[in-house]
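S.K.: build me a model from this:
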Amino acid sequence: MNSLDLPLYSPAPEWTGRDDGPGPEHARWHSVVTPATADTRDAVVLLGYATDEGVLRNDGRQGAAAGPEALRSALGGLAVHDDRARHDAGTIATVGDNLEESQEEVSRRVAELIEQNNLVILLGGGHETAFASHRGLYRGLGEKSAPIVNLDAHFDLREAERPTSGTPFKQIADLVGDGFDYSVFGISAANNTRVLFETARDLDVRVVTDVELASLTPEEAGAAAVEACIDADAVHLSIDLDVLPASVAPGVSAPAGLGVALERIHAMAVAVARTGKLRLVDVVELNPSYDADSRTAKTAARLINDIVAALPR
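M.R.: Got it, this is the predicted structure:
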């Protein structure tokens, strides 16, 4: 393989944001995030995955590869109210069409971080991120799977000759076999074919549609998400920003015609974080090219911020 076809790694960038003064009383993300090292443990670690080759293969609109940079920018100025260690492990990029190679590199790095008892937050990138990150979690836990709570308008259970942004959870099912435990909240019936619902049924997937979520209070939605992983020791939370209404999240690969209200998505994400079982988070499908006033990036950053804030001390 030509060296130019290998996954490209970039170290953690310099974080920037509003500076109100020195000391923890003025802390913001940009002032507390430090580069991760081989010794980083028991911390929150961000890892970027600049990829949208899977989106291209899935006939989506490209631009998600710029997601990690936009997410860091939106996070940088948010205020920090705790002393939890936050680190940045840099960014892995898909170069050309080398998706499979970059996914392997993401899996390797996630596994190393999980072995050090870190909470890993993947900044995507297309939803092909989820297979790479979950495989890393699986390896880091000693080839043990963990329940997945996916907040998403799509199942992403497609069968395809090559991995795409539409195949990650079917790939995970093939990887872990009987250990596959998948719950998806926000499914749009209008945007998922009958065969995808049949695949979900065959794999015993817990499914809650966008319409069903609309009938729940945020508290009830949060309780439903927790119930999906109540017996787990470790949990993988995947947030596809296209689950949100297009008015809230216009900058995604596939904007939602209906979507799930932000209050419910926020409640579910925070409720899962409060369990203390969260080991892996993906935030995916941010497409800055279509993001009016950085609306989607700011929403995603707030979700990440509040997930970290909700972690048990």
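
S.K.: surely L258 touches P245?
M.R.: Yes: with contact defined as CB atoms under 8 Å, L258 reaches P245; the gap is 6.9 Å. For the C-beta atoms, the positions are set from N, CA and C on the backbone; glycine is no exception.

S.K.: beta-bridge partners for the residue sitting nearest the centre point of the chain, please?
M.R.: Centroid-nearest residue in the chain, with CA atoms, centre = their mean: D282, separated by 1.3 Å. Under DSSP bridges, the beta-bridge partners of D282 are L122, S238.

S.K.: same thing with V252?
M.R.: L286.

S.K.: now do the one 4 residues further on
M.R.: Here A256 shows beta-bridge partners P245, assigned using DSSP bridges.

S.K.: from P22, how far out is the residue nearest to the centre of the chain?
M.R.: According to CB to CB, to the nearest Å, D282 and P22 sit 34 Å apart.

S.K.: same for the worst-scoring helix or strand of the chain on mean pLDDT, what does it pack against?
M.R.: Of the helices and strands making up the chain, the lowest-confidence element is strand 8-10, at a mean of 93, by mean pLDDT, DSSP states H and E. Contacts defined by 3 or more CB pairs under 8 Å, 6 or more residues apart in numbering; DSSP states H and E place strand 8-10 against strand 86-93.

S.K.: adjacent strands (with direction) for the strand it packs on?
M.R.: Strand 86-93 is paired, per DSSP bridges, with strand 8-10 (antiparallel), strand 34-35 (parallel), strand 44-50 (parallel).

S.K.: please save the CA atoms from the longest one in PDB.
M.R.: The C-alpha coordinates for strand 44-50 follow below in PDB (Å, rounded to 0.1, in the frame of the first residue of the first chain):
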ATOM      1  CA  VAL A  44     -12.700  12.000  29.400                       C
ATOM      2  CA  VAL A  45     -10.800  11.700  26.100                       C
ATOM      3  CA  LEU A  46     -11.900  13.200  22.900                       C
ATOM      4  CA  LEU A  47     -10.800  11.600  19.600                       C
ATOM      5  CA  GLY A  48     -11.600  13.000  16.200                       C
ATOM      6  CA  TYR A  49     -12.500  10.900  13.200                       C
ATOM      7  CA  ALA A  50     -12.500  13.000  10.000                       C
END
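
S.K.: what residues does it touch?
M.R.: For strand 44-50, the surrounding residues in contact (CB atoms under 8 Å, 6 or more residues apart in numbering) are 10, 33, 36, 65-69, 71-72, 84-94, 102, 106, 109-110, 113, 118-125, 129, 132-133, 308, 311.

S.K.: list the helices and strands the next helix or strand after the least confident helix or strand of the chain packs on?
M.R.: Next helix or strand after strand 8-10 toward the C-terminus (DSSP states H and E): helix 29-32. Other helices and strands packing on helix 29-32, by 3+ CB pairs under 8 Å, 6+ apart, are helix 67-76.

S.K.: C-alpha coordinates for the helix it packs on, CSV please?
M.R.: The C-alpha trace of helix 67-76 is given here as CSV (Å, rounded to 0.1, in the frame of the first residue of the first chain):
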residue,chain,number,x,y,z
GLY,A,67,-17.0,17.7,11.8
PRO,A,68,-14.3,17.2,14.4
GLU,A,69,-12.8,20.7,13.9
ALA,A,70,-16.2,22.3,14.1
LEU,A,71,-17.1,20.4,17.3
ARG,A,72,-13.9,21.4,19.0
SER,A,73,-14.5,25.0,18.0
ALA,A,74,-18.0,24.9,19.4
LEU,A,75,-16.9,23.2,22.6
GLY,A,76,-14.0,25.5,23.3
